[in-house]
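Visitor: Give me a 3D structure for the following:
(one chain, ligands or ions: 1)
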Amino acid sequence: MLIARTLAELRAGCTELRATRSALALVPTMGALHNGHRALVRAAAESGATVATSIFVNPLQFGASEDLSRYPRDEAADLATLRAAGCHLAWLPDVTAMYPPDDVTTIDVAGPAAMWEGTARPGHFRGVATVCAKLFGQVRPDRAYFGEKDWQQLQVVTRMVADLHLPLEIVGVPTVRESDGLALSSRNRFLDSDQRRLAPRLYMALMTAVETLAKGEPVDDALSAARQTIEAGGLAVEYLALVDGPTLQPLQTLHRPARLVVAAQLGSVRLIDNVAA
Ligand code: PAJ
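Guide: Predicted coordinates:
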């Protein structure tokens with residue numbers, strides 16, 4: 001696996017990878033890699049592409065009140081994970097490579113970025129869209145892989161790529177979960193054992209709501225029951241909604257493709273999840 005830490009090294013690495021003449025796939029990450037990230041790298045590799053993975057904890061997508069310094073970092077373990085998952089190039093830029101001092105351009109996506117995480121974390125999607133646009137420009141991949149775990153992020157990036165006519169395809173990969181249903185996340189390590197036991201309620205409540213909706217029950221009833229299940233476990237629901245899959249607009253009645261999206265606070269940990277409805 002090639003390792004690039006500067007733009008010059010990245011350019012050389014990408015030239016080498018392109019010589020293989022297979023498609024080039026990019027998996028953007030912030031490191032602290034787990035089986036969810038692994039699934040993205042594997043999906044990219046299994047598609048026959050040459051795979052580049054970026055690891056960059058992007059300061060622009062963290063709010064002032066969010067602890068960027070607490071974000072877990074373990075480069076040695078991440079590189080071992082990437083090698084084992086079939087990655088061909090690891091791109092590890094530093095902050096000045098990504099945001100040189102004279103940098104003045106950011107990307108604001110409206111539409112799917114407006115609500116939910118967009119409201120809860122002002123500026124978050126500006127950071128995500130901007131760093132992804134930069135990564136796409138640097139690596140020039142044919143495809144980029146994103147997890148459905150962050151459903152709204154997947155839709156925001158897909159919208160940006162369409163609106164800016166960027167020459168790549170965005171591929172979504174299903175959420176990887178623990179056996180009890182908890183979606184894998186680098187934040188799960190901050191749950192204590194009691195919280196860890198309660199956390200799968202989020203997914204359980206979503207799945208029950210999906211069944212209720214499929215039976216034709218009113219959306220409001222399904223959402224209130226799910227909210228009660230989650231809050232009975234001591235989680236504080238920040239938002240819980242049935243939305244149109246691509247636009248994230250709230251739905252009063254079930255029209256597919258629909259998604260149930262949720263964010264809840266459990267102690268100091270903010271959990272998000274979503275499922276198809
Ligand atoms: P990060 O949280 O590291 O996630 C990187 C990618 O892994 C994202 O596409 C995310 O949706 C996916 N992922 C995380 N947990 C997953 C799971 N349990 N199952 C499937 N996929 C999962 O998301 C980001 O980084 C950043 O916002 C980034 C896109 C890299 C821009 O900075």
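
Visitor: For stretch 27-35, what does the pLDDT average out to?
Guide: The predicted model assigns stretch 27-35 a mean pLDDT of 98.

Visitor: Buried ones in that stretch, by neighbour count?
Guide: Residues V27, P28, T29, M30, G31, A32, L33 are the ones in stretch 27-35 that count as buried (16 or more other Cβ atoms under 10 Å). (C-beta placed from N, C-alpha, C; glycine too.)

Visitor: is the ligand contacted by it?
Guide: Yes - counting by Cβ under 6 Å from any ligand atom, contacts between stretch 27-35 and the ligand involve P28, T29, M30.

Visitor: Inside strands: which ones of those?
Guide: P28, T29 (DSSP state E).

Visitor: for the helix or strand in which T158 is found, what is the average pLDDT?
Guide: Assessed by DSSP states H and E, T158 sits inside helix 151-163. Across helix 151-163, the average pLDDT comes to 98.

Visitor: likewise stretch 227-241?
Guide: 97.

Visitor: Show me what counts as buried in that stretch.
Guide: R227, T229, I230, G233, L235, V237, E238, Y239, L240, A241.

Visitor: Do I have it right that the fourth one meets R196?
Guide: What it means is G233. No - contact criterion Cβ atoms under 8 Å: G233 and R196 do not qualify, at 11.7 Å.

Visitor: what's the neighbour count on D78?
Guide: Per other Cβ atoms under 10 Å, the neighbour tally for D78 reads 20.

Visitor: What confidence value was assigned to it?
Guide: Reported pLDDT for D78: 98.

Visitor: So it belongs to a helix, correct?
Guide: Yes - applying DSSP: H, G, I helix; E, B strand; the rest coil, one finds D78 inside a helix.

Visitor: list the contacts for it?
Guide: G31, A32, L33, I55, A90 (Cβ atoms under 8 Å, 6 or more residues apart in numbering).

Visitor: run the last query once more with 10 Å
Guide: T29, M30, G31, A32, L33, H37, T53, I55, A90, L92 (Cβ atoms under 10 Å, 6 or more residues apart in numbering).

Visitor: residues from the stretch 1-150 of the chain in reach of the ligand?
Guide: Residues of the stretch 1-150 of the chain lying near the ligand (Cβ under 6 Å from any ligand atom): 28-30, 36-37, 39-40, 58, 61, 128, 131-132, 146-147, 149-150.

Visitor: and if we set it to 5 Å?
Guide: P28, T29, M30, G36, H37, N58, V128, V131, F146, G147, K149, D150 (Cβ under 5 Å from any ligand atom).

Visitor: most surrounded residue in these?
Guide: That'd be H37 among these, by other Cβ under 10 Å, with 27 neighbours.

Visitor: residue contacts, the closest residue to that one other than its chain neighbours?
Guide: Spatially, and ignoring its direct neighbours in sequence, H37 is nearest to T29 (5.3 Å; Cβ to Cβ, 6 or more residues apart in numbering). Counting by Cβ under 10 Å, 6+ apart, T29 makes contact with 36-37, 40-41, 53-57, 78, 82, 90-91, 145, 147, 186.

Visitor: domains of the chain?
Guide: Per automatic domain parsing, the structural domains of the chain span 2-173, 186-276.

Visitor: Quick one: the ones you listed as a markdown table, columns for distance to D180 too.
Guide: Formatted as a markdown table, the domains of the chain follow (distance: least, Cβ to Cβ, whole Å):
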| stretch | distance to D180 |
| --- | --- |
| domain 2-173 | 14 |
| domain 186-276 | 4 |
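
Visitor: nearest to S179, of those domains?
Guide: Distance to S179, taken as Cβ to Cβ, is lowest for domain 186-276 among the domains of the chain, at 9.4 Å.

Visitor: That closest one close to the ligand?
Guide: No - contact of domain 186-276 with the ligand (Cβ under 5 Å from any ligand atom) is absent, the minimum separation being 6.3 Å.

Visitor: For the ligand, give me its nearest residue in the stretch 101-250 of the chain.
Guide: Residue of the stretch 101-250 of the chain nearest the ligand, by Cβ to the nearest ligand atom: G147 (2.2 Å).

Visitor: For that residue, grab phi and psi.
Guide: phi -90, psi 140 (degrees, to the nearest 10).

Visitor: Run through the bridge partners of it.
Guide: V173 (DSSP bridges).

Visitor: In contact with it, which residues are there?
Guide: With Cβ under 10 Å, 6+ apart, G147 has these contacts: 27, 29, 36-37, 39-40, 43, 153-154, 172-176, 183-185.
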